[in-house]
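> All I have is the shape, not the residue letters:
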Ligand SMILES: O=P(O)(O)OC[C@H]1O[C@H](O[C@H]2O[C@H](CO)[C@@H](O)[C@H](O)[C@H]2O)[C@H](O)[C@@H](O)[C@@H]1O
């Protein structure tokens, strides 16, 4: 494992949420926010001169429910939503979509097997199979078939889940959008994430002269790796103390 160097004070820091800042939990609502996380994010925001953002597959509203005082910008729904500090979330490149029908069709699929869970989103939907891992292949096929009817959506495999998310979104694009903003522009982008959806964000950071940090196991394009969310929090904490 190659431990990342100390975070440069002139870096722009991009953090994923599930499996990166917080441990993976049995269901999306069950994640636990460590007591010291809000304070740590506050200190990081100050240390990096405000150049701190979350880039997550979760909706902005969901992230704000878990981290109500998060001081930085947030790209939610894989970049399909953007919220600047103190502002409401706005849709980015929104395409016409009958999202209620999409949710209903996904619930119909989930009803075919016990243990599947549907997470409806304003710009897509997730089918979770964490409680029934043997259904991974079935869930992949069912969601791929559903995706065929929605050209404006892309099938996104995630941890024990398959998501249909806006095809125009992506964590790379979210990072690029932040890097064009005052306060971020000219800084070295650093992106930490744990999942397949984060690879594009890490690659984008590295193509701009920065680096990616893979959290946990699995193949990655990231230059560096940390073992788990606790190791990431500790790395951030050390940066604040130096
Ligand atoms: O981009 P992220 O911040 O990592 O969000 C990715 C997805 O995370 C959530 O699902 C994952 O975490 C859950 C809680 O730990 C876990 O139960 C689930 O199996 C994981 O796939 C979230 O529910 C999704 O909406 C996000 O897209």
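Cool, got the structure. This structure is a prediction, so every number in the text was calculated from the model and none was measured.

> Going by C-alpha atoms from here, please, whenever you check contacts or count neighbours.
Will do.

> Quick one: find the helix or strand in this structure with the lowest mean pLDDT.
Within the chain, confidence by mean pLDDT, DSSP states H and E is lowest for strand 90-91 among all helices and strands, at a mean of 92.

> Tell me the strands beside it, with direction?
strand 81-83 (antiparallel) (DSSP bridges).

> so after the helix or strand residue 140 falls within, what's the next helix or strand?
Per DSSP states H and E, residue 140 falls inside helix 136-147. Helices and strands here follow DSSP H and E; after helix 136-147, the next one along the chain is strand 153-158.

> now what about that following strand, what contacts it?
Applying Cα atoms under 8 Å, 6 or more residues apart in numbering, the contact partners of strand 153-158 are 124, 143-144, 147, 162-168, 195-197.

> now do stretch 229-241
Residues contacting stretch 229-241 (Cα under 8 Å, 6+ apart): 6-7, 19-23, 37, 40, 43-44, 47, 215, 226.

> Can you tell me the closest non-neighbouring residue to residue 64?
residue 70 (7.3 Å; Cα to Cα, 6 or more residues apart in numbering).

> which residues touch the one you found?
Going by Cα under 8 Å, 6+ apart, the list of residues near residue 70 reads 38, 41, 42, 64.

> and the helix holding residue 140 with strand 153-158, angle?
160 degrees (axes from the mean of the first three to the mean of the last three Cα atoms, to 10 degrees).

> From residue 81, how far out is the residue nearest the centre of the chain?
Nearest to the mean C-alpha position of the chain, by Cα atoms, centre = their mean, lies residue 56 at 2.2 Å. Note on residue 56: its distance to residue 81, by Cα to Cα, to the nearest Å, is 10 Å.

> and what of residue 112?
Per Cα to Cα, residue 112 is found 31 Å from residue 81.

> Same check on residue 141?
Distance, residue 141 to residue 81, by Cα to Cα: 27 Å.

> higher neighbour count, these two?
Set side by side, residue 141 and residue 81 show more neighbours around residue 81, with 27 against 13, by other Cα atoms under 10 Å.

> list the buried ones in stretch 209-229?
Residues of stretch 209-229 classed as buried: 210-216, 220, 222-226, 228-229 (neighbour count, 16 or more other Cα atoms under 10 Å).

> on that earlier part again, for the helix holding residue 140, list every residue counted as buried.
136, 139, 140, 142, 143, 144, 146, 147.

> residues in contact with the second one?
It stands for residue 139. 127, 129, 162 are the contacts of residue 139 under Cα under 8 Å, 6+ apart.

> one more time with 10 Å, if that's ok
109, 110, 113, 116, 127, 128, 129, 133, 145, 160, 161, 162 (Cα atoms under 10 Å, 6 or more residues apart in numbering).

> For the second one, which non-adjacent residue is closest in space?
Distance criterion Cα to Cα, 6+ apart; nearest residue to residue 110, sequence neighbours excluded, is residue 116 at 5.4 Å.

> The one you found reaches residue 162, doesn't it?
No: counting by Cα atoms under 10 Å, residue 116 stays clear of residue 162, with 11.1 Å between them.

> Neighbour count for the two, which is higher?
Per other Cα under 10 Å, whichever of residue 116 and residue 162 has more neighbours is residue 162, with 23 against 20.
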